[in-house]
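Engineer: need coordinates for the following:
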Amino acid sequence: MKINVLFSPNNVDELYFSKKTSIVIDVLRATTVIVTALEKGAREVIPVSSVDFAMKISGNAFGGQTLLGGERNTNKIEGFNLGNSPYEYTNEVVAGKSIILYTTNGSKAIVKAKFSENLFISSFRNLKAIAAHVAKLKNDIEILCAGANGMFCIEDTVCAGRLINEICAAADEVELTDAAKASVVLNNSSGDDILEMLKNAEHGIKLINNGYKEDLKYCASLSVSDIIPYYNSGVVKIYKEEENL
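Structural biologist: A predicted model of the protein is given here:
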């Protein structure tokens, strides 16, 4: 098993992911929100790469079973039902619903990796569940960090490094690329206090300044969820092994 980390979706094109097993990480906050929405009973999450496309496909929805969620510059987009704070995605709001999700970085990263043979969504909250599952697959793995507008993000890379450590503990004969090794080094040096790391990250500081300090605490929770979000045919649902045999 060989593990690689991509620090930005801009480093590769869509076809790079063909026939690969990929994991997308956007700790602050898209992948955390996806895990939460599914955990709270959402039927599916539909990640999109533009606000226009989100509005277009929501226009075809009916019966009040679809919600628009996401953000632009950290804040809820005008006309959307939900923003990008995981606290908004409660059971009362999202259970049984389809969530169309647009975010500045995370949803775009998922769409970028859409041609993957297997595409999973990870955050700190479901890290051990993802690691245990992909370790069993024994496939080579591409970990895609959503980053920030094409730039490096410390929180996504620390999460990738911690995920790699968990995979290595569960799998035999794991080979790491230089980028994967660098992610492990960063996690080992900066990942002991996840919340403190998030508070000092550029995007974490921006979220605090915009009133989302409590979101950092939520996003820092480690391996509290067994949810394995799986992207297939344009939607993210909870992975069920019997459906993917």
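
Engineer: what about the lengthiest strand in the chain, distance to the chain center?
Structural biologist: For the chain, the longest strand by residue count, based on DSSP state E, is strand 66-72. Between the centre of strand 66-72 and the centre of its chain there are 15 Å (Cα atoms, centre = their mean, to the nearest Å).

Engineer: in it, what counts as buried?
Structural biologist: 66-71 (16 or more other Cβ atoms under 10 Å). Using the backbone N, CA and C atoms, a C-beta is placed for each residue, glycine as well.

Engineer: my guess is residue 188 contacts residue 161, does it?
Structural biologist: Yes. Residue 188 is in contact with residue 161 according to Cβ atoms under 8 Å; the separation is 7.0 Å.

Engineer: quick one: residues in contact with the longest strand of the chain.
Structural biologist: Under the criterion Cβ atoms under 8 Å, 6 or more residues apart in numbering, residues 30, 33, 37, 51, 54-55, 58, 76-77, 79-84, 88-89, 93-94, 97-104, 107 lie in contact with strand 66-72.

Engineer: if you set the cut-off to 7 Å instead, what comes out?
Structural biologist: Strand 66-72 is contacted from outside by 54, 58, 77, 80-84, 94, 97-104, 107, using Cβ atoms under 7 Å, 6 or more residues apart in numbering.

Engineer: between residue 188 and residue 161, point out the one with more neighbours.
Structural biologist: Neighbours were counted for residue 188 and for residue 161 using other Cβ atoms under 10 Å; residue 161 has more, 24 against 13.

Engineer: show me where this protein has helices.
Structural biologist: 30-39, 51-58, 91-94, 106-112, 127-137, 154-170, 178-190, 194-200, 202-209, 213-220 (DSSP state H).

Engineer: what's the most buried one of those helices?
Structural biologist: Across those, the average number of neighbours (mean count of other Cβ atoms under 10 Å) peaks for helix 30-39, which reaches a mean of 29.

Engineer: restrict the lowest-mean-pLDDT helix or strand in the chain to CA atoms and write it as CSV.
Structural biologist: Ranked by mean pLDDT, DSSP states H and E, the helix or strand of the chain with the weakest confidence is helix 51-58, at a mean of 91. Taking C-alpha atoms only, helix 51-58 is exported to CSV below (Å, rounded to 0.1, in the frame of the first residue of the first chain):
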residue,chain,number,x,y,z
VAL,A,51,-23.1,28.5,-6.4
ASP,A,52,-24.8,28.7,-9.7
PHE,A,53,-24.9,24.9,-10.1
ALA,A,54,-26.2,24.6,-6.5
MET,A,55,-29.1,26.9,-7.3
LYS,A,56,-29.8,25.2,-10.6
ILE,A,57,-30.1,21.7,-9.2
SER,A,58,-32.0,22.9,-6.1
